[in-house]
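[1] Sequence and predicted structure, then a few things I'm wondering about:
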There are 2 protein chains.
Amino acid sequence: METTVKIFDTTLRDGTQGEGVSLSVEDKLKIAQKLDSLGVSYIEGGWPGSNNKDIEFFIRVKELKLSNAKITAFGSTRRKDSLAENDPNLNRILEVGVQAAAIFGKSWDFQVHTAIQTTLEENLNMIYDSVRYLKSKGLEVIYDAEHFFDGYKSNPEYALATIRKAEAAGADWIALCDTNGGSLPHEVSKIVTAVRESVNTPIGIHAHNDCELGVANSIAAVMAGASQVQGTINGYGERCGNANLVSIIPNLQLKLKYHLISSEQLASLSSVARYVSEIANMHMPVNQPYVGSAAFAHKGGIHVSAILRDSSTYEHITPELVGNKQRVLVSELAGQSNLVFKAQELGLDFDTTNSQTKQLIEQIKQMEHQGYQFEGADATLELLMRNAYGKLEEIFSLESFKIMVAKSVNQPVSTEAIVKVKVHGETIYNAAEGNGPVNALDNALRKCLLQYYPGIQDMHLSDYKVRVLDDKDATAGKVRVLIESSDFDSSWSTVGVSENIIEASWHALVDSMRYALLTQTRAAHQPEEHRERIGLVNH
Amino acid sequence: METTVKIFDTTLRDGTQGEGVSLSVEDKLKIAQKLDSLGVSYIEGGWPGSNNKDIEFFIRVKELKLSNAKITAFGSTRRKDSLAENDPNLNRILEVGVQAAAIFGKSWDFQVHTAIQTTLEENLNMIYDSVRYLKSKGLEVIYDAEHFFDGYKSNPEYALATIRKAEAAGADWIALCDTNGGSLPHEVSKIVTAVRESVNTPIGIHAHNDCELGVANSIAAVMAGASQVQGTINGYGERCGNANLVSIIPNLQLKLKYHLISSEQLASLSSVARYVSEIANMHMPVNQPYVGSAAFAHKGGIHVSAILRDSSTYEHITPELVGNKQRVLVSELAGQSNLVFKAQELGLDFDTTNSQTKQLIEQIKQMEHQGYQFEGADATLELLMRNAYGKLEEIFSLESFKIMVAKSVNQPVSTEAIVKVKVHGETIYNAAEGNGPVNALDNALRKCLLQYYPGIQDMHLSDYKVRVLDDKDATAGKVRVLIESSDFDSSWSTVGVSENIIEASWHALVDSMRYALLTQTRAAHQPEEHRERIGLVNH
């Protein structure tokens, strides 16, 4: 029999405490819809007692008609020496009209003395009164026991007394928080087991990642009997982040056979993770477990030849289960088997005896010798391969470009680019300013292409890396430029090499746009449903 | 009594399998030195049987005279149906002249059949013969049991038989590999315990991060009796990376009281992690556990006021233990101890009560806020400090520069720079071509300075790195440029930050020349002996 575990998502509340994460109300509404369709049970939307943006979210989210998730408001227990009924914080939760509330209180004797400076007895009353008040108004109440693990280690009797108070007041869940993220899995396991012997209320786990153990601690808690997991998409959150739901969900469901969401929902995991990272404007690490673009990427030649025989030789799960896919990276460490694999993926007739194939291999070898590296530049490799088999339409061609950078003392630097390209036989000439030479080129080239390819608007460059290839003389040496680009649900990388950083950047930039337009052009021949999925239909 | 755990670092071998990680021989040598000073016991430098770059590393690393770490070469067991003595792979390990070898063999019956396609019996012979051969030549041998955990789950008797063969052949260590990264901590714990009952050889753990459990699995193995931990700095490695030593080391040493390195070495952890990320040109996540710049950062509100009372309220360890620091967005005094140290080194009167010092601290804070980072740019920091105390002669000042880059189809790109500077009150105007805009600037500036400072000829730029600081829009974001320069035998690093890559490069370039001329000017007034020490006498 499958045991069910409920997902409590706090991306919109604790996640926004992460450095660099900042979400508008619109952003939060978009993410809430994605979370609902992923199948989470609770969406913690914010702290209505703390700021007005969160209040607006709670009001507007009601229009969304979510199918599954309960919108949850966060807050603290009442202030010391006062009545719950008069507590502005608690009343704000009631005013915004949510189904569930998560309120936190102190479990750690040291914190009671140091942080809120009251007696242990008054803290117990604060917990009881607050839970009781919200329950009396008909809300589902999740009691967040802040610093529970540190509290238990310091004074187990008192820590247990706090949650027994929450239970006595009618809390629906008791969530044990490893607020500072300093606990280890064996401690979590032991303490959750002790808690289960002491209370009957269902237990949740709220872990942080300060020891890089957020996922492990969440799993340890569930194996010890917790039935709710709190966390955020991609592990966003204060300091080192919250426990990463994107890893916890497949670990629990695929490896430990708990039931959290349907398999269709699980197969949307990669796209949800990428979507949230786009909305939050956070770079998604290529090596992110389960969902990163390198999570099932193989570089070593030995691994690749084994994978061609049976992919379970070097893959712990089938990538499609979480909506990801296998990729083979072509690099100096790899043999020809990597190319064979890539060609199969693209549906090209890669027969090592035909002349196109030989030419392609020769070309790739020569480019690698020049300093190209394709392992981080799949899109450039794909363009090369399509081109070799005559399957690549020329989207535009360069006539010329010029860049001027000027700086005078005490003046800001100015950068302009002029680009002349041929598109569909016509010569287009345009100029633009930019924050730097590559940005100016990017802007001018976009202006040239926009009238023919409006889809170019949907893509942007998300990362730009420069590496000097030999260090004899750095600014005169060859450089390799890697550009990562994204649109709403995919990202791709391109590479350029030259002795001139501008020329290298130009190659990578042009490949990025060619690739974007190629995918968009192919998508245009797909049924509407597919185009909608890849974000090409404008509503 | 403290239990000792040995660190086996494979950043230079398995780490380079990570997407985007590519290290030159020079890079590898630099990192090897850092790893040695961090206190790792084994540095796995590469696979001599697989490529020539790795062979060069093994030859050149001997010149470094490392104090602690054993240089280790990687390879596989002999080929099937052949003699170990004739195996080119094994002989290559012997030829490069290392103290230790790590060789991997198959533990999983399925892999024996599928990947190497031989009998279970021949696989056992391959393991025995290979370990035996290397032991007979006097090497320390670490036997890497590939896919051990998957193998054990499939056929425990056979998996145990493979490592018993390695033991019988004299292996010094048996490292259990979770090659596909798909195991969970409770499985690792159970299997390591079973292995310990079956062999007497010391056990190592080699975990991957595919379930975001690489750190947890390594800890589980150590708690079950493993005494060697394999991993990489920052968790670089194939797919989702290897187990991250930067988190494992403090978890084991600070939380579980194992002994791995000295407390001074532990306090260098943050700077080693940053150094390796700079050399590898990989972005270091701000939220990286223990060492990220946000790992102990606190946003305003409740947490900050509690922290001002007692920092253990929201911090799981004292950040200084791992060389990191607390960041609170209000009035931080962190980093000042580094400045005091640096000032002593430079013989400056760094008294925190005087106004010059206050101004300097303010200036550095503001620059850090803009995106400057001085860890990798000592020379820029020294210039700033000398300037604050009026100890910096203005060598030249900028009037203006202009750069033109032009490219036409089928023509090489042309780059010219015009520079106007003031030197000793005179305006100098010069122009030069270059391989790129920064090289053209460098050339033009040198032409301006040469007549006044002929010593400028002796220096050159040896590395040039660009990093985008925020990924909203990569080519429009702020960039940080790091330039490394060298003369006959010293090298120094400078940094520039701007939204414009050219302006950022200009700042770093100018600082590099100012620093070179400053040292040369000072050296000219020193006795010959000192000039020799700082590398200004040409032998």
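    Arrived safely. Residues are numbered from 1 along each chain as shown, chains lettered A, B, ... in the order given.

[2] In a strand, A:Val481, correct?
    Yes. Secondary structure of A:Val481, determined by DSSP: H, G, I helix; E, B strand; the rest coil: located in a strand.

[3] shouldn't it be in contact with A:Lys465?
    Yes. Counting by C-beta atoms under 8 Å, A:Lys465 is a contact partner of A:Val481 at 7.1 Å. C-beta coordinates here come from the backbone N, C-alpha and C atoms, glycine included.

[4] Which one's more surrounded, these two?
    Using other C-beta atoms under 10 Å in any protein chain shown as the criterion, A:Val481 and A:Lys465 rank with A:Val481 on top: 25 against 22.

[5] Contacts only, for that one.
    Listed by C-beta atoms under 8 Å, 6 or more residues apart in numbering or on different chains, the contact set of A:Val481 reads A:Tyr464, A:Lys465, A:Val466, A:Arg467, A:Val495, A:Gly496, A:Val497, A:Ile501, A:Ala504, A:Ser505, A:His507, A:Ala508.

[6] Could you pull up the contacting residues of A:Leu12?
    Shown in contact with A:Leu12 (C-beta under 8 Å, 6+ apart): A:Leu23, A:Lys28, A:Ile31, A:Ala32, A:Ile43, A:Glu44, A:Gly45, A:Gly46, A:Phe57.

[7] Now do the longest strand that chain A contains and strand B:397-408, the angle between them.
    Counting residues, the longest strand found in chain A (DSSP state E) is strand A:397-408. Relative orientation of strand A:397-408 and strand B:397-408, computed by axes from the mean of the first three to the mean of the last three C-alpha atoms, to 10 degrees: 170 degrees.

[8] For strand A:397-408, which strands pair with it and how are they oriented?
    If you go by DSSP bridges, strand A:397-408 pairs up with strand A:414-423 (antiparallel), strand B:397-408 (antiparallel).

[9] Show me the contact partners of that strand.
    Outside strand A:397-408, the residues that touch it by C-beta under 8 Å, 6+ apart are A:413-422, A:427, A:437, A:440-441, A:444, A:502, A:506, A:510, B:398-409, B:437, B:500, B:502-503, B:506.

[10] thinking again about what came up before, would you list the strands paired with strand A:397-408 in TSV and tack on mean neighbour count, distance to B:Gln326 and mean pLDDT?
    Shown next, in TSV, are the strands paired with strand A:397-408 (neighbours: other C-beta atoms under 10 Å in any protein chain shown; distance: least, C-beta to C-beta, whole Å; pLDDT from 0 to 100):
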stretch	mean neighbour count	distance to B:Gln326	mean pLDDT
strand A:414-423	20	39	94
strand B:397-408	18	38	94
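
[11] what about the helices in the stretch 351-500 of chain A?
    For the stretch 351-500 of chain A, applying DSSP state H, counting those that start in this stretch gives helices covering A:355-370, A:378-388, A:437-450.

[12] With respect to A:Val192, which of the ones you listed lies nearest?
    Comparison of the helices of the stretch 351-500 of chain A against A:Val192 by C-beta to C-beta identifies helix A:378-388 as nearest, at 42.8 Å.

[13] So for whichever residue of the stretch 201-350 of chain A sits closest to chain B, what's the nearest residue that isn't a sequence neighbour?
    Distances between the stretch 201-350 of chain A and chain B by C-beta to the nearest C-beta are smallest at A:His316, namely 2.6 Å. Excluding the flanking residues, the one nearest A:His316 by C-beta to C-beta, 6 or more residues apart in numbering or on different chains is B:Gly182, at 2.6 Å.

[14] mind checking how far the one you found is from A:Leu308?
    20 Å (C-beta to C-beta, to the nearest Å).

[15] So which of these two has more stuff around it?
    Neighbours were counted for B:Gly182 and for A:Leu308 using other C-beta under 10 Å; B:Gly182 has more, 22 against 15.

[16] Thought A:His208 was touching A:Ser218, still the case?
    No. Contact criterion C-beta under 8 Å: A:Ser218 and A:His208 do not qualify, at 10.2 Å.

[17] Overlap of the contact sets of the two?
    Residues touching both A:Ser218 and A:His208 (C-beta under 8 Å, 6+ apart): A:Ala243.

[18] Looking at those two, which has the bigger crowd around it?
    A:Ser218 (30 against 27).

[19] Could you tell me the least trusted of the helices of the stretch 351-500 of chain A?
    Here the lowest mean pLDDT among the helices of the stretch 351-500 of chain A goes to helix A:355-370, at a mean of 78.

[20] Helix A:378-388 and that one, what's the angle between them?
    Interaxial angle of helix A:355-370 relative to helix A:378-388 (the same axes, to 10 degrees): 140 degrees.

[21] And helix A:355-370, what does it pack against?
    Under the contact criterion of 3 or more C-beta pairs under 8 Å, 6 or more residues apart in numbering or on different chains; DSSP states H and E, helix A:355-370 touches helix A:337-346, helix A:378-388.

[22] Thanks a lot, catch you later.
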